[in-house]
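J.: All I have is the shape, not the residue letters:
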């Protein structure tokens, strides 16, 4: 069964729109934030999207800390705000663009192809996609959206740590903010500066410019089986409608996210007091508190709207995820307890996901994470699980076991 291309607001969108004012007005702190900077790396298959995202986030933190902890005091105080902003912007730019490109590479290699990066350029590196013959349109779309998947995963890792730890540094939230605005910024600002992105112009769909155009075209072709440009040299109205729906949905869903606005406020955080540490907005108290966040994600089945619920009960964090996607039917629900059980220096977390999709049917993902901390600085974890066939952000398409080693360092 396929859903219609006709644009309509989802029930989740209305619920979030109603809840946001209450969230903004009644948010509370859950206590004093900690003092640790945390780096996280993964050891796994080179095509593992989680590995790429963790490396990207840690690379940004390393670049930021190189300045904030080592170079900042060497700069004259009157110009320090300008040099700090310039350094953090440059670091975030590099740690956004390059992981994005390696996301394309990881997805392309998963389907037997490659993404060859040929050199540095602005606004993104020079690269070309090499895809295997006999690929499906779903696989080709997967390689196309792999870059934005990495941006989404990097943001989710920052946000997850934000709620798990009860604090984040302002520069981390700034980097999360950049990841969140990257898709709409790409669609409305970057791509139009390079070439035509008028959805009613046949040239837009013949010489595609940018991932939003390319991925929208591939989804349209797989969904309808029709060419973009008709015999009378006009663009199919359904494609025009879908592209506009996709890009404007990315803006709307972003604007409904409270963390977008906390990211904006983090630009003005006081680094002189508390090193710019920020606590998450949550509704409630120490016994029970809740906050939500949104995520827009392009996928091989069309765009997805994710709603994340972060729930803290007596200090323990629970995460409940809801997902709705179109034009293909694509709905899902997931739950995660990052710290389900702990004793001494050992801890254990668990995650479960369920989905129902037009192309792949029903599927589940089950995973667990066992961690050991030999001291206060280091933590070693094994993340193992099993996934059925279907699309899930950052996961392989096929049925597969999953295994990775995680190394976390705090100072």
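T.: Structure's in. What do you need? The structure presented is a predicted model; accordingly, all values stated were derived computationally and were not measured.
J.: Show me which helix runs longest in the protein.
T.: With secondary structure taken from DSSP state H, the chain has its longest helix at helix 80-110.
J.: residues making contact with the helix or strand following that one?
T.: Per DSSP states H and E, the first helix or strand lying C-terminal to helix 80-110 is strand 114-119. Under the criterion C-beta atoms under 8 Å, 6 or more residues apart in numbering, residues 101, 104-105, 107-109, 125-130, 143, 146 lie in contact with strand 114-119. Yep, even glycine has a C-beta here, placed from its N, CA and C like the rest.
J.: Please enumerate the strands of the stretch 251-400 of the chain.
T.: For the stretch 251-400 of the chain, the strands defined by DSSP state E, counting those that start in this stretch cover 277-278, 282-284, 288-299, 302-313, 316-327, 330-343, 346-357, 361-372, 378-387, 400-410.
J.: now those in TSV, with distance to residue 394 and mean pLDDT?
T.: Formatted as TSV, the entries for these read as follows, by distance: least, C-beta to C-beta, whole Å; pLDDT from 0 to 100:
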stretch	distance to residue 394	mean pLDDT
strand 277-278	26	90
strand 282-284	26	96
strand 288-299	9	97
strand 302-313	12	97
strand 316-327	13	97
strand 330-343	12	94
strand 346-357	11	97
strand 361-372	11	97
strand 378-387	11	96
strand 400-410	11	95
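J.: Now distance to residue 49 too, for these, in TSV please.
T.: Converted to TSV, those look like this (distance: least, C-beta to C-beta, whole Å):
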stretch	distance to residue 49
strand 277-278	27
strand 282-284	29
strand 288-299	12
strand 302-313	15
strand 316-327	17
strand 330-343	16
strand 346-357	15
strand 361-372	14
strand 378-387	13
strand 400-410	11
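J.: mind putting those strands in CSV, mean neighbour count included?
T.: As requested, these are arranged in CSV below (neighbours: other C-beta atoms under 10 Å):
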stretch, mean neighbour count
strand 277-278, 20
strand 282-284, 19
strand 288-299, 22
strand 302-313, 20
strand 316-327, 19
strand 330-343, 16
strand 346-357, 18
strand 361-372, 16
strand 378-387, 16
strand 400-410, 15
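J.: Out of those, the one nearest residue 77 is which?
T.: Evaluated with C-beta to C-beta, those place strand 277-278 nearest to residue 77, the distance being 21.3 Å.
J.: Which strands and helices lie in contact with the closest one?
T.: strand 168-169, helix 170-185 (3 or more C-beta pairs under 8 Å, 6 or more residues apart in numbering; DSSP states H and E).
J.: so which of the strands of the stretch 251-400 of the chain comes closest to residue 154?
T.: Distances from residue 154 to each of the strands of the stretch 251-400 of the chain were compared using C-beta to C-beta; the shortest belongs to strand 288-299, at 11.4 Å.
J.: Okay, angle between that closest one and strand 302-313 too, please.
T.: Orientation check (axes from the mean of the first three to the mean of the last three C-alpha atoms, to 10 degrees): strand 288-299 against strand 302-313 gives 160 degrees.
J.: Parallel or antiparallel, list what pairs with strand 288-299.
T.: Partners of strand 288-299 in the sheet, by DSSP bridges, are strand 282-284 (antiparallel), strand 302-313 (antiparallel).
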